[in-house]
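Student: Next one to model:
(2 chains)
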There are 2 protein chains.
Amino acid sequence: MNVNGKKYTSIWIEKDNRVFIIDQRWLPHEFKIVELTTINDFAVSIRDMWVRGAPLIGVTAAFGFAKSMQYDSSDKSLEETKSILLSTRPTAVNLHWAVKIMYELLIKADQDNRAEIALGKAKDILKRDIQSNNQIGKNGYEIIKNIINKKNNDKINILTHCNAGWLATVDWGTATSPIYYAKEKGANIHVFVDETRPRNQGAQLTTWELSHNDISHDLIVDNAGGHLMQHNEIDLVLVGSDRTSSNGDVCNKIGTYLKALSAYDNDIPFYVALPSSTIDWNIKDGVKNIPIEERDPSEVNYVQGRDTSNNIIKVDIAPERTKSRNPAFDVTPSRLVSGLITEHGIFDANYASLQNLKKLSYGNI
Amino acid sequence: MNVNGKKYTSIWIEKDNRVFIIDQRWLPHEFKIVELTTINDFAVSIRDMWVRGAPLIGVTAAFGFAKSMQYDSSDKSLEETKSILLSTRPTAVNLHWAVKIMYELLIKADQDNRAEIALGKAKDILKRDIQSNNQIGKNGYEIIKNIINKKNNDKINILTHCNAGWLATVDWGTATSPIYYAKEKGANIHVFVDETRPRNQGAQLTTWELSHNDISHDLIVDNAGGHLMQHNEIDLVLVGSDRTSSNGDVCNKIGTYLKALSAYDNDIPFYVALPSSTIDWNIKDGVKNIPIEERDPSEVNYVQGRDTSNNIIKVDIAPERTKSRNPAFDVTPSRLVSGLITEHGIFDANYASLQNLKKLSYGNI
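Tutor: All right, here's what the predicted structure looks like:
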């Protein structure tokens, strides 16, 4: 999508197969581009959230294999690459998915061919991510059109949580893809953006994306969505997913569950946009069985922003003696989910429906 | 309650009837005491939230009348005092309640006696606030005892939102009063404190209160409560109320409704602690009819905290082009409320039950 009027993706390859990313830690205040070279660069960029978002983490991990194999394609290096990348973020299923694909392909391959095979596969995963997200946009647009048709005026108000935007994928995003696609088709869209504490991905990334792509929006605190829903200010909730169970439970950024409860209580459609690679077919009960990453409590006690001298700094908001808890995700039970928007179409959030999706998506990559 | 081991109230009178408050804007990082002298001091201290919390706003307004009458007890001054104070905060019913009591008492009185009458009444309101909150603590303790008795171990985990603490009242607090009282009785209590964006009253005030009174607690982001409730980490939700309708709908700090939904979904008791003065007997449907204050959007875009040089500053978290919406309260429908803890006992959140409370509380002050 656009940044200052120029097209970008969140990760890309230049001449001599050099890999570049947008270092998202400094947005919205600074737009920094970084080259990733060593496997350590890739691991740090995932662990410390220079890149984040389930699909982008997967693509970045795939390129991590490609660069790692370029330097050393031995079995030992392959095993190390796998283990280093897997240790970076525990919750995102796309990381495991991409690591599994890359590892299983490469362990079978001759050592001499691994670098080339890895690079080809990483490029393929990147391309398919863009295609898949674009298709999610087209499929989700049908929901937006239906809601607009039902209303007397042609404006639709959408609430989104966290950043399931193009910055969380290679391009288009998941939850934002129907928004960008509908905007291209001329729909009159307004987006309410949850700031998404503790890391403020909504306030720092989604607002930045939307403002650079001329989408009307208001930033709100995470507490405000329920009130807006009670007063008919929201027509649709659209979020992403970091991991989806085979019965349609959705593990997404902490706080998503609260918005789903509120949407349900106010009879507002709550849709989740996700590539089918985000589904963990081995887990049936998401609330019970998806492990939830507890991140560093300092993310709760400190807030990053820009001071009056334009420096990006962190401020401490709590007393020194106060400890924090920082669960990073929660699971929204499928009973609260109106539907799952995937690259293969829209599916009900239940086991039977997702078995149909499984047939379509399995073995795709 | 205690600050650095010394007893304080949030507003108090010293010799020569000088009125002092804790200027809460700098907590938890700086503990500042301010004297309020002119009616303008009182209005600014309420409007700009040097003092906040429904009960404390009422008491502060009462002393505003007292100081104002001391300088000028004319009818004109009385009318101006009323109008200046009423314009400070639109939602808190206690402000209207205190202004009405003071005005109706003073307009009937001889001009020469107004200063003395006003001061006496303000002192009386202050004293009754402390008594009322202490009684709320005793009544709420019964709920805490019952939950502890039902559990196998003796520890209770309580979630609270915003600051309905002693800083929001004169002493004890409303939602915190049962906690402080239970702690005195030796209960093993742990409190999860919602940070409560946008103004972070939880992170800045409730945590500060609890740490100075040796109550075990963890700060969490507003998004986290639902997840903790799903995983049996919360036994009880205790919040305050800025305004309660006659059918038991509860208007409290924005985000309270989301926690009520989550408590209901996970079968966790959700109690609201409030002095009966917080009930607006004229409003039946709180969701439809309680006006919600929309505060300055800059509260959303900027976060206050302490930088590494110990300066208290604000940082900008969003892109420059991004606008915000800032509704300050929401209304939790009575169907989600397990009960109302008042100074007269615990009442069901419905019209019939509250009519019984009305009989007890009416004409009390």
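
Student: interface residues of the stretch 151-300 of chain A facing chain B?
Tutor: By the rule Cβ under 8 Å from any Cβ of the partner chain, the part of the stretch 151-300 of chain A lying against chain B is A:192-193, A:195-198, A:200, A:203-204, A:207-208, A:211, A:217-228, A:230, A:253-255, A:257-259, A:261-262, A:265, A:287, A:292, A:300. Bear in mind the C-beta positions are built from the backbone N, C-alpha and C, glycine included.

Student: Need the three-state assignment for the residue in the stretch 101-250 of chain A positioned nearest to chain B.
Tutor: Using Cβ to the nearest Cβ, residue A:223 is the residue of the stretch 101-250 of chain A that sits closest to chain B, at 2.7 Å. Per DSSP: H, G, I helix; E, B strand; the rest coil, the secondary structure class of residue A:223 is coil.

Student: Verify the stated contact: it with residue B:199.
Tutor: No - if you go by Cβ atoms under 8 Å, residue A:223 and residue B:199 don't touch, sitting 10.6 Å apart.

Student: Which one's more surrounded, those two?
Tutor: residue A:223 (32 against 25; other Cβ atoms under 10 Å in any protein chain shown).

Student: Spell out, range by range, the helices that occur in chain A.
Tutor: Along chain A, counting by DSSP state H, helices occupy A:39-47, A:54-71, A:75-86, A:93-108, A:114-150, A:177-184, A:201, A:207-212, A:225-230, A:256-265, A:286-289, A:298-301, A:351-361.

Student: out of those helices, nearest to residue B:69?
Tutor: helix A:225-230 (38.5 Å; Cβ to Cβ).

Student: Tabulate the CA atom coordinates of the closest one in PDB.
Tutor: Extracted C-alpha coordinates of helix A:225-230, given in PDB (Å, rounded to 0.1, in the frame of the first residue of the first chain):
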ATOM      1  CA  GLY A 225     -15.700   0.400  21.500                       C
ATOM      2  CA  GLY A 226     -18.500  -1.000  23.700                       C
ATOM      3  CA  HIS A 227     -20.100   2.400  24.200                       C
ATOM      4  CA  LEU A 228     -19.900   3.200  20.500                       C
ATOM      5  CA  MET A 229     -21.600  -0.100  19.700                       C
ATOM      6  CA  GLN A 230     -24.400   0.600  22.200                       C
END
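
Student: which residues touch it?
Tutor: Outside helix A:225-230, the residues that touch it by Cβ atoms under 8 Å, 6 or more residues apart in numbering or on different chains are A:159, A:161, A:192, A:194, A:220, A:234, A:237, A:258-259, A:262-263, A:265-266, A:268, B:254-255, B:257-258, B:261, B:287, B:292, B:325, B:327, B:329-331.

Student: Tell me how many other residues surround the closest residue to residue A:3 other than its chain neighbours.
Tutor: Nearest non-adjacent residue to residue A:3, counting by Cβ to Cβ, 6 or more residues apart in numbering or on different chains: residue A:212, 5.3 Å away. With neighbours defined by other Cβ under 10 Å, the count for residue A:212 comes to 20.

Student: ok, now which ones touch residue A:212?
Tutor: Contacts of residue A:212 (Cβ under 8 Å, 6+ apart): A:1, A:2, A:3, A:4.

Student: same deal with residue A:142?
Tutor: Residue A:142 neighbours (Cβ under 8 Å, 6+ apart): residue A:346.

Student: Quick check: the gap between it and residue A:346.
Tutor: 7 Å (Cβ to Cβ, to the nearest Å).

Student: Residue A:49 contacts residue A:25, doesn't it?
Tutor: Yes - Residue A:49 is within contact range of residue A:25, at 6.6 Å (criterion: Cβ under 8 Å).

Student: per the record, what domains does chain A have?
Tutor: Taking automatic domain parsing as the reference, chain A has its domains at A:2-127, A:137-358.

Student: Could you identify which of these is most buried?
Tutor: domain A:137-358 (a mean of 22; mean count of other Cβ atoms under 10 Å in any protein chain shown).

Student: and that one, how far out from the chain's middle?
Tutor: 9 Å (Cα atoms, centre = their mean, to the nearest Å).

Student: ends of that domain, how far apart?
Tutor: Separation of the first and last residues of domain A:137-358 by Cα to Cα, to the nearest Å is 20 Å.

Student: Would you point out the helix or strand in chain A whose mean pLDDT is lowest?
Tutor: strand A:279-280 (a mean of 90; mean pLDDT, DSSP states H and E).

Student: which residues are contacting that one?
Tutor: Contacting residues not belonging to strand A:279-280 are listed as A:93, A:243, A:244, A:245, A:246, A:290, A:354, A:357, A:358, A:361 [Cβ under 8 Å, 6+ apart].

Student: Over to the fifth one: give its phi and psi.
Tutor: With angles defined as degrees, to the nearest 10, residue A:246 shows backbone torsions of phi -70, psi -10.

Student: Kindly provide the distance from it to residue A:337.
Tutor: 14 Å.

Student: ok, now the first one?
Tutor: The gap separating residue A:93 from residue A:337 is 17 Å, by Cβ to Cβ.

Student: same thing with the fourth one?
Tutor: If you measure residue A:245 against residue A:337 using Cβ to Cβ, the figure is 11 Å.

Student: before we move on, what about the third one?
Tutor: With distances defined as Cβ to Cβ, the gap from residue A:244 to residue A:337 amounts to 9 Å.

Student: Please apply the same query to the second one.
Tutor: In this structure, residue A:243 lies at 14 Å from residue A:337, with Cβ to Cβ as the measure.

Student: again with residue A:229
Tutor: As for residue A:229, its distance to residue A:337 is 16 Å (criterion: Cβ to Cβ).

Student: pLDDT below threshold where in chain A?
Tutor: Confidence mapping of chain A against pLDDT under 70 gives the ranges A:91-92, A:362-365.

Student: Point to the residue nearest the middle of it.
Tutor: For chain A, the residue nearest the mean C-alpha position is residue A:53 (3.2 Å; Cα atoms, centre = their mean).

Student: Wait, it touches residue A:168, no?
Tutor: Yes - contact criterion Cβ under 8 Å: residue A:53 and residue A:168 qualify, at 2.3 Å.

Student: what touches both of the two?
Tutor: Contacts common to residue A:53 and residue A:168, judged by Cβ under 8 Å, 6+ apart, are A:10, A:240.

Student: tell me the contacts of residue A:244?
Tutor: A:250, A:251, A:272, A:274, A:278, A:279, A:280, A:286, A:340.

Student: Now with 6 Å, please.
Tutor: By Cβ atoms under 6 Å, 6 or more residues apart in numbering or on different chains, the residues touching residue A:244 are A:250, A:274, A:278, A:279.

Student: And for it, nearest residue in space, chain neighbours not counted?
Tutor: Closest to residue A:244 by Cβ to Cβ, 6+ apart is residue A:279, at 4.6 Å.

Student: Is the closest residue to residue A:302 other than its chain neighbours bridged to anything, and to what?
Tutor: Leaving aside its chain neighbours, residue A:302 sits nearest to residue A:314 (4.2 Å; criterion: Cβ to Cβ, 6+ apart). With DSSP bridges as the criterion, residue A:314 is bridged to residue A:304.
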